[in-house]
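Asker: my questions concern the predicted model and sequence given below.
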Amino acid sequence: NKDVDEQTEAVLVKTSPTGTKHYKCKGCKHDEYELTKCLKTLPEAVVATWRQQGRTQKADFRQEMAIILSFSFACDDQKSLINQNNRWSENEAWDWYDKQPWLVGTNFITSSAINQLEFWQEETFDPEIIDKELKLSASIGMNTHRVFLHDLLWEQDSLGFINRIDQYLSISEKYGIKTMLVFFDDVWHPEPKLGKQPEPIPNVHNSGWVQSPGAKLLRDTLSYEKLESYVKGIVKHFSDDSRVLVWDLYNEPGQLGIASHQISKDRAIKLYKNIGIEINDKNYPSYDLDKIDNKTDKQKFTLKLLKKTVEWIRSVKPSQPITTGIYEWGADWDNFEELSNLSKFILSSSDIISFHDYGNKSSAMSRINQLSSYNRPIMCTEYLSRDNNTSGWGDDPGNTLYQFLPLFKKNIFLTLSASIALPTFGLTK
């Protein structure tokens, strides 16, 4: 409980809003006290013991240090310490930010693809359309795109998938567009399947978008090695690739409020009939999304997977920062202790803070102010809800490019809207 630890000369600098303690190590001159970088300041007996037990980054130093060195050092649990020791420091995050232009762009998928699988599968991957539409993006000033991957694509053909990602990145580089790659997604249909994808359902938003992983695999924690191979394989291949701007780990993890899950059986029958699919009592369980994707346990399993994903990526040590977007819209994001465990982990594990906002301009300003308390660069990776007319800022609709881009240009360094063809996003300082 000392502000200065006499054994290691680790000086407590400050405690962040998340409760993370930041130290400066006199011995190594590091900006923050990190065990993995400062082992030489500890007695060899301690280091040898931890290495023998595979616990070099063990969180519970309090007991072992008390036994071996007769003093205690307050810390968090194991996962929190691993996260704290490997997360970029605030200085590293701002140094990275200072090298970036103002980033503006879209959540990108080609107009020919209904979802991530159709975009990336070999049979439907279309470099010509990608080239055409990235050229269009660049022509209106976009320089960053957020692009969704999928775990089934790795399972299907990992080498081919890597090659197609590389091909996409080469095209985007030609037009001066950086890419934020997204690994997982808890939004929309919970049973993704490879092969030919369904036809779009008219007048239904994101009617064919699919979750990654699917609901069954999300809850099968013993099979997470499949996902570990997927994440590590892609990050290792592109870990020092300047075309990749940021790793976005999980889109709206634990999302429970998807409208497509709430439709009645009669409504489902009517909608799917529009694309030639007949729903009856026998096959309806395959279309009852609320039952397939059980809301009561979803966030528990999502948090398990997100924690694993952070571990997997940190072990690779990519040159790019990681982020996961916070979207707990019913909470004040600067009131850390009142947030859900999932949102707490999102904020405390991200190198760069990102968020989604579909409210009005006043709401966005409030969110930016709340997130500024964490003293890290901020990006808005989804917005744009044209039918939101509750801005309170004159006669213009609230969540539009016209209203939001000037706000983001002033306050955040990356802005990406979310619309069907060319959404945009943004970052804030």
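Answerer: Right, received. Where do you want to start?
Asker: could you dump the longest helix seen in the chain to PDB, C-alpha only?
Answerer: Determined from DSSP state H, the single longest helix within the chain is helix 151-174. Once non-C-alpha atoms are left out, helix 151-174 reads as follows in PDB (Å, rounded to 0.1, in the frame of the first residue of the first chain):
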ATOM      1  CA  ASP A 151     -14.400 -17.300 -38.300                       C
ATOM      2  CA  LEU A 152     -16.000 -19.800 -40.700                       C
ATOM      3  CA  LEU A 153     -13.900 -18.400 -43.500                       C
ATOM      4  CA  TRP A 154     -10.800 -19.400 -41.700                       C
ATOM      5  CA  GLU A 155     -12.100 -22.900 -41.000                       C
ATOM      6  CA  GLN A 156     -13.100 -23.300 -44.600                       C
ATOM      7  CA  ASP A 157      -9.900 -22.200 -46.300                       C
ATOM      8  CA  SER A 158      -7.400 -20.300 -44.100                       C
ATOM      9  CA  LEU A 159      -4.700 -19.800 -46.700                       C
ATOM     10  CA  GLY A 160      -7.200 -18.600 -49.300                       C
ATOM     11  CA  PHE A 161      -8.800 -16.300 -46.800                       C
ATOM     12  CA  ILE A 162      -5.400 -14.800 -45.900                       C
ATOM     13  CA  ASN A 163      -4.700 -14.300 -49.600                       C
ATOM     14  CA  ARG A 164      -8.100 -12.600 -50.200                       C
ATOM     15  CA  ILE A 165      -7.500 -10.300 -47.300                       C
ATOM     16  CA  ASP A 166      -4.100  -9.400 -48.700                       C
ATOM     17  CA  GLN A 167      -5.700  -8.700 -52.100                       C
ATOM     18  CA  TYR A 168      -8.300  -6.500 -50.500                       C
ATOM     19  CA  LEU A 169      -5.700  -4.500 -48.600                       C
ATOM     20  CA  SER A 170      -3.600  -4.000 -51.800                       C
ATOM     21  CA  ILE A 171      -6.600  -2.500 -53.500                       C
ATOM     22  CA  SER A 172      -7.400  -0.300 -50.500                       C
ATOM     23  CA  GLU A 173      -3.800   0.800 -50.300                       C
ATOM     24  CA  LYS A 174      -4.000   1.900 -54.000                       C
END
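Asker: after it, next one along is what?
Answerer: Along the chain past helix 151-174, the next helix or strand (assigned with DSSP states H and E) turns out to be strand 178-185.
Asker: for Ile263, which non-adjacent residue is closest in space?
Answerer: Leu271 (7.3 Å; Cβ to Cβ, 6 or more residues apart in numbering). C-beta here means a position set from N, CA and C on the backbone, and glycine is covered the same way.
Asker: looking at this, that neighbour is in a strand?
Answerer: No: looking at Leu271 with DSSP: H, G, I helix; E, B strand; the rest coil, it is helix, so not inside a strand.
Asker: next, count neighbours for it.
Answerer: 19 (other Cβ atoms under 10 Å).
Asker: show me where the stretch 301-429 of the chain has helices.
Answerer: With helices called from DSSP state H, counting those that start in this stretch, the stretch 301-429 of the chain shows them at 341-349, 361-371, 401-411.
Asker: taking helix 341-349 as reference, get the angle to the second one.
Answerer: Just to be clear, that refers to helix 361-371. 60 degrees (axes from the mean of the first three to the mean of the last three Cα atoms, to 10 degrees).
Asker: could I get helix 361-371 in PDB with only the CA atoms?
Answerer: Below are the C-alpha coordinates for helix 361-371, written out as PDB (Å, rounded to 0.1, in the frame of the first residue of the first chain):
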ATOM      1  CA  LYS A 361     -26.000  15.400 -31.700                       C
ATOM      2  CA  SER A 362     -26.400  16.300 -28.100                       C
ATOM      3  CA  SER A 363     -26.100  12.600 -27.200                       C
ATOM      4  CA  ALA A 364     -22.900  12.300 -29.200                       C
ATOM      5  CA  MET A 365     -21.400  15.300 -27.500                       C
ATOM      6  CA  SER A 366     -22.200  13.800 -24.100                       C
ATOM      7  CA  ARG A 367     -20.600  10.500 -25.100                       C
ATOM      8  CA  ILE A 368     -17.500  12.200 -26.300                       C
ATOM      9  CA  ASN A 369     -17.200  14.100 -23.000                       C
ATOM     10  CA  GLN A 370     -17.800  10.900 -21.000                       C
ATOM     11  CA  LEU A 371     -15.100   9.000 -22.800                       C
END
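Asker: which parts of that helix are buried?
Answerer: Buried residues in helix 361-371, counted by 16 or more other Cβ atoms under 10 Å: 361, 363-364, 366-368, 370-371.
Asker: again, but for the shortest one
Answerer: Applying a neighbour-count criterion of 16+ other Cβ under 10 Å, the buried positions in helix 341-349 are 342-349.
Asker: same question for stretch 114-126.
Answerer: Within stretch 114-126, the residues that qualify as buried by neighbour count (16+ other Cβ under 10 Å) are 114-121, 125-126.
Asker: out of those, the closest to Ser212 would be?
Answerer: For the buried residues of stretch 114-126, the minimum distance to Ser212 (Cβ to Cβ) is 6.9 Å, reached by Gln116.
Asker: what are the boundaries of the strands in the stretch 301-429 of the chain?
Answerer: Along the stretch 301-429 of the chain, counting by DSSP state E, counting those that start in this stretch, strands occupy 322-323, 325-326, 353-356, 378-382, 414-417, 425-428.
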